[in-house]
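# predicted model and sequence below, questions to follow.
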Amino acid sequence: MERQRAQFVGFVALIAVAVSGVNLFSPAVSASAASVVAQSNLYKSCVNYKLTAPLDSQATVSATEVTTLAGPTQAATMSATTQAGASSGDNIAFMSIVGADSEACYVASETFLQNNMMQLPAGFNGAVGVTKTISGDIALDRTNVANSQIGDITINISEFKSDNDRRDGFIRQRFLESNKYPFATLTNSTAIGLPSGAYQDGQLLKFQIKGTLTVHNTKRDTVFDATGFIKDGSLVVTAITTLKMSEMGVTVPDIGGLLKVDDSMDIVVNIVAREGQASATAAATAAK
């Protein structure tokens, strides 16, 4: 029982696979194409959720929307699939996040006046920044899904790439200061609402992930709404939360009225994890 609840050390250097952003996949054309195909078959990238209206309760992205390309239609929740008396088994899959197929994104709203420094049209603009440098380990208990564990997750936010280089520069240097604080981490994570009982391939699970999010050297207890499923040997998890920059110690961009950004933004994390790539540390820890 102890090994199923073991903590997994992950996210070395928060995303040690260096690919930064939606337009910077892999130098090799064939590898890039393969990554795009794998992605399109597993989840809907958050770049497709670029805002067309100001952020509000109706405009935010939902975890269910993001995973519509996955295929599973039967959702499982604690109340729907709990099996009384289900016990822990030894059928545990140790998986590691594949950075090339995963992504972490911010989705924010901006308002510009004429002649702004980014040379963008005046008025509302939706902004999406993407990084693909993500690392972490997950232990999936196939016999009793509720016992599955999530290790620390690390994201290189200094590699956020949007459709505007000037925006990216301002974020790194002045606002998020990701040149100084390059990594975001999610630690002490707990999955809430996973069903008891064995996992059935293709089953869509709806749950929450609660953990300590550290951004800009500021820690905050955070809850992500999540969905997950296994398809073709890949564990796919989409997790979404809404944050206020001001609560994370980040200065909300407002440059002389030329640029103003809404304090609230969505954070979307699309994770693809596979067996055979779990860290040696995770396996050794679980064996104790």
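Okay, I see it.
# C-alpha from now on. contacts and neighbour counts both.
OK.
# could you give the average pLDDT over stretch 168-180?
When pLDDT is averaged along stretch 168-180, the result is 90.
# do the same with stretch 192-204
92.
# which of the residues in it are buried?
192-199, 202-204 (16 or more other C-alpha atoms under 10 Å).
# now for the residues you listed: which two are most distant?
192 and 202 (19.8 Å; C-alpha to C-alpha).
# now, which of the buried residues of stretch 192-204 sits nearest residue 276?
residue 199 (19.2 Å).
# for the nearest residue to the closest one once chain neighbours are set aside, list the residues it contacts.
Excluding the flanking residues, the one nearest residue 199 by C-alpha to C-alpha, 6 or more residues apart in numbering is residue 142, at 5.2 Å. Applying C-alpha atoms under 8 Å, 6 or more residues apart in numbering, we find residue 142 in contact with 89, 91-93, 198-199.
# could you dump those to JSON lines with distance to residue 100 and secondary structure?
Shown next, in JSON lines, are those (distance: C-alpha to C-alpha, whole Å; DSSP: H, G, I helix; E, B strand; the rest coil):
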{"residue": "89", "distance to residue 100": "31", "secondary structure": "coil"}
{"residue": "91", "distance to residue 100": "27", "secondary structure": "coil"}
{"residue": "92", "distance to residue 100": "24", "secondary structure": "strand"}
{"residue": "93", "distance to residue 100": "20", "secondary structure": "strand"}
{"residue": "198", "distance to residue 100": "29", "secondary structure": "coil"}
{"residue": "199", "distance to residue 100": "26", "secondary structure": "coil"}
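# of the residues you listed, closest to residue 272?
residue 93 (13.9 Å).
# for burial, what's the neighbour tally of that closest one?
16 (other C-alpha atoms under 10 Å).
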